[in-house]
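Colleague: the sequence and its predicted three-dimensional model are supplied below.
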Amino acid sequence: MHYETIIGLEVHVQLQTKTKIFCGCSSAFNPDNPNVQTCPVCLGLPGSLPVMNRRAFRLSLKTALALGCDIARFTKWDRKQYYYPDLPKGYQISQYDLPFSSNGFVEIDTDVEKGETKKIRLIRAHLEEDAGKNIHDESGRGHDSHVDLNRAGTPLLEIVSQPDMRSATEAKTYLEELKLLLTYIGVSDCNMQEGSLRCDANVNLWVHTDDGQKIATPIVEIKNLNSFRGVEQAIEFEVARQIEDWERTHAKIGDVAKQTRGWDANRGMTFAQRGKEEASDYRYFPDPDLTPVTVSDEFFAEVKAELCELPASRRRRYRVDLGLSHYDADVIVSQGNHFTAYFEQVAKLCGDGKQAANWLTQDVQRELNSRSLSIDAFPISPAVLGDLLKRVAANQLTVKSAREVFDALLAEHDAATDRHEAVELSTALAEKIISDRGLAIVNDTGAITAIIAGAIARNPKPVADFKAGKQAAAGSLIGQIMKELKGADAKVVRQMLVDELSKP
Ligand SMILES: [Zn+2]
């Protein structure tokens, strides 16, 4: 007998609009000033009328297109009734039977080294309004609870997956990939600390018995997970708990009502919450205050044209066109579209994708981390780095010397910053460092020959030793010659010296 874990995720994404979905209130995150971003519409006062925010619809359509969903040309709004203190209207405006999109998928990496991927299918994506937030006194001394309605009415996109994930790691990878995609297309900041991206996980087991049966256990929904680590840990805990539960009760799906559980990150465990309502309990009906939405061909085409290249296709292109490894392509794409734009510019300028990838994932990344900078604020521009690496590719500069120039440029920047001055790290400055330090590889064979001749003339003893058969004697000569030549290719110099000494 063995167990298979079955996971589906419902992800909630706050869309990046200036105002709420059905009124003109600001949708900015503002927990320090509760209840200042409210009006009769989002407070649900009698007589107030909602008006749809077109930008919210546009961003959700853009997301659905990026996810490969089928788009409904006709979609409507429904009221989902339930009572909760953070929901002043007593219902949430959502989409029930006619969501604006369905199907679609997210492709995730299951093994980056081997390049193995898996498609997680989506059921639907629909648009709705967020509720407010209840704040409970957790000190244990008082008994106060407060409600902050700043968030009430913020546009929320709900993306529902099929139960296609088979482990906590897959669920975490799916969420990471979805977050990356959403930030690439710029529809949400996906700030998990501020609750812009959160999810509910539906988890149950398939029990494969020795006599070939497959038994599904009751589904449990874990609500409001707001970190990647939380998703992974909550699912792992829940799987272990459900196995124990199955062994004790042998309860199958349908035997008990669907259970809702919360996640206590401090104690590292899930706990039972209120029973989950069925759709019929919500008494959905079409909202009479809002007109249905029809998507015209023009609008559809306009939004489609706004889409940029998506992470999965970018990874593929880096591997196929630029020869990057699965791992390097993944590391670069995971850093977001500003980082990939920087990388592509460097790769294009130097004509060597692998070299550019090495520098970006090592030297540049290390400096960004130690300086706590984003790529936009990195003092060395892609033009300057690209030019430096072009010299390496053209055999005008060794990798070691390029690193010296890279460090020297950053030192110039740091020194100027200390003096409260601005300095432009230009290609010309890099060139000056190369010539001041004599780092350019001397490829002029005439110059190398002259220096070799000089060294031979000044050192009769090692020359005689070499001619007498002591190969090692060439070492001290090469040392002197390289000192004069600085960046020259040592292999070439050695060969030229040996050729010279071997002449009769
Ligand atoms: Zn409002």
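Modeller: Looks like it arrived, so ask away. Numbering: from 1, shown residues only.
Colleague: with only the CA atoms kept, save the helix or strand containing N369 in CSV.
Modeller: Using DSSP states H and E, N369 sits in helix 365-371. Provided in CSV are the C-alpha atoms of helix 365-371 (Å, rounded to 0.1, in the frame of the first residue of the first chain):
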residue,chain,number,x,y,z
GLN,A,365,25.1,38.8,-8.5
ARG,A,366,27.7,38.8,-5.7
GLU,A,367,28.1,42.6,-5.8
LEU,A,368,24.3,43.1,-5.9
ASN,A,369,24.0,40.9,-2.8
SER,A,370,26.8,42.4,-0.9
ARG,A,371,25.6,45.9,-1.7
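Colleague: report the buried residues of that helix.
Modeller: Of the residues in helix 365-371, Q365, E367, L368 count as buried by neighbour count, 16 or more other C-beta atoms under 10 Å. Bear in mind the C-beta positions are built from the backbone N, C-alpha and C, glycine included.
Colleague: so which of the residues you listed is the closest to T209?
Modeller: Q365 (49.4 Å; C-beta to C-beta).
Colleague: list the contacts for the closest one?
Modeller: Q365 is in contact with Q335, counting by C-beta atoms under 8 Å, 6 or more residues apart in numbering.
Colleague: measure how buried the residue lying closest to L225 once chain neighbours are set aside is and give me the count.
Modeller: Using C-beta to C-beta, 6 or more residues apart in numbering and skipping the chain neighbours, the partner closest in space to L225 is V231 (4.8 Å). Neighbour count for V231, taken as other C-beta atoms under 10 Å: 25.
Colleague: likewise for the one 4 residues further on?
Modeller: A count of neighbours around I235, defined by other C-beta under 10 Å, yields 26.
Colleague: mind checking pLDDT for it?
Modeller: Listed pLDDT for I235 reads 98.
Colleague: just the element for it, please.
Modeller: Per DSSP H and E: helix 228-249 holds I235.
Colleague: and that helix, what's buried?
Modeller: Judged by neighbour count using 16+ other C-beta under 10 Å, the buried positions of helix 228-249 are 228, 230-239, 242, 245-246.
Colleague: helix or strand right after that helix?
Modeller: Scanning onward from helix 228-249 (DSSP H and E), the first element met is strand 259-264.
Colleague: what angle sits between that following strand and helix 228-249?
Modeller: Relative orientation of strand 259-264 versus helix 228-249 (axes from the mean of the first three to the mean of the last three C-alpha atoms, to 10 degrees): 130 degrees.
Colleague: who does strand 259-264 pair with, and is each partner parallel or antiparallel?
Modeller: If you go by DSSP bridges, strand 259-264 pairs up with strand 220-225 (parallel), strand 269-272 (antiparallel).
Colleague: comparing those strands, which comes out most buried?
Modeller: strand 220-225 (a mean of 20; mean count of other C-beta atoms under 10 Å).
Colleague: export it to CSV, keeping only CA atoms.
Modeller: Taking C-alpha atoms only, strand 220-225 is exported to CSV below (Å, rounded to 0.1, in the frame of the first residue of the first chain):
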residue,chain,number,x,y,z
VAL,A,220,-9.0,19.6,3.4
GLU,A,221,-8.6,23.3,2.4
ILE,A,222,-5.8,25.1,4.1
LYS,A,223,-6.7,28.9,4.0
ASN,A,224,-4.6,32.0,3.6
LEU,A,225,-1.0,30.8,3.1
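Colleague: give the rounded mean pLDDT of that strand.
Modeller: 95.
Colleague: re the thing from before, does the residue nearest to L225 touch L175 like I think?
Modeller: Yes: assessed by C-beta atoms under 8 Å, V231 is found in contact with L175 at 5.8 Å.
Colleague: could you name every residue contacting both of these two?
Modeller: Shared contacts of V231 and L175 (C-beta under 8 Å, 6+ apart): L9, C199.
Colleague: any idea which element the spatially most central residue of the chain lies in?
Modeller: With distances taken as C-alpha atoms, centre = their mean, L180 lies nearest the centre of the chain, 3.6 Å away. Using DSSP H and E, the element containing L180 is helix 168-184.
Colleague: show the average pLDDT along that helix.
Modeller: Helix 168-184 shows a mean pLDDT of 96.
Colleague: report the angle between the axes of that helix and helix 228-249?
Modeller: Going by the same axes, to 10 degrees, helix 168-184 makes 150 degrees with helix 228-249.
Colleague: buried set for helix 168-184?
Modeller: In helix 168-184, counting by 16+ other C-beta under 10 Å, buried: 168, 170-175, 177-184.
Colleague: quick one: residues contacting H208.
Modeller: M1, H2, Y3, E4, K214.
Colleague: ok, it to the ion distance?
Modeller: 52 Å (C-beta to the ion, to the nearest Å).
Colleague: do the same with L59
Modeller: Relative to the ion, and taking C-beta to the ion, L59 is found at 19 Å.
Colleague: mind listing what that residue touches?
Modeller: L15, Q16, T17, P155, L157, V187, S188.
Colleague: tell me the phi and psi of it?
Modeller: Main-chain torsions, L59, degrees, to the nearest 10: phi -60, psi -40.
Colleague: how close does the residue lying closest to N224 once chain neighbours are set aside sit to Q14?
Modeller: Leaving aside its chain neighbours, N224 sits nearest to R198 (5.7 Å; criterion: C-beta to C-beta, 6+ apart). Distance of R198 to Q14, given as C-beta to C-beta, to the nearest Å: 9 Å.
Colleague: swap in A64?
Modeller: According to C-beta to C-beta, A64 stands 16 Å off from Q14.
Colleague: these two: who's more crowded?
Modeller: A64 (27 against 23).
Colleague: ok, the residue in the stretch 251-400 of the chain positioned nearest to the ion - contacts?
Modeller: Closest to the ion within the stretch 251-400 of the chain is D289: 14.2 Å, counting by C-beta to the ion. Residues counted as contacts of D289 (C-beta under 8 Å, 6+ apart) are L49, P50.
Colleague: assign a three-state SS to it, would you?
Modeller: coil (DSSP: H, G, I helix; E, B strand; the rest coil).
Colleague: going forward, the N-terminal residue is numbered 26.
Modeller: Fine by me, first position is 26 from now on; the one you just mentioned is D314.
Colleague: just the pLDDT at it, thanks.
Modeller: 95.
Colleague: the residue nearest to L250 and the ion: what is the separation?
Modeller: On the measure of C-beta to the ion, V256 and the ion end up 31 Å apart.
Colleague: now do the contacts for that residue.
Modeller: V256 neighbours (C-beta under 8 Å, 6+ apart): L34, A193, A196, K197, L200, C224, A226, L250.
Colleague: quick one: buried ones out of the contacts of L84?
Modeller: By 16+ other C-beta under 10 Å, the contacts of L84 give L40, Q41, T42, P180, L182, V212, S213 as buried.
Colleague: could those residues go into a markdown table alongside distance to the ion?
Modeller: A markdown table is the format used below for these (distance: C-beta to the ion, whole Å):
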| residue | distance to the ion |
| --- | --- |
| L40 | 16 |
| Q41 | 18 |
| T42 | 13 |
| P180 | 12 |
| L182 | 19 |
| V212 | 21 |
| S213 | 20 |
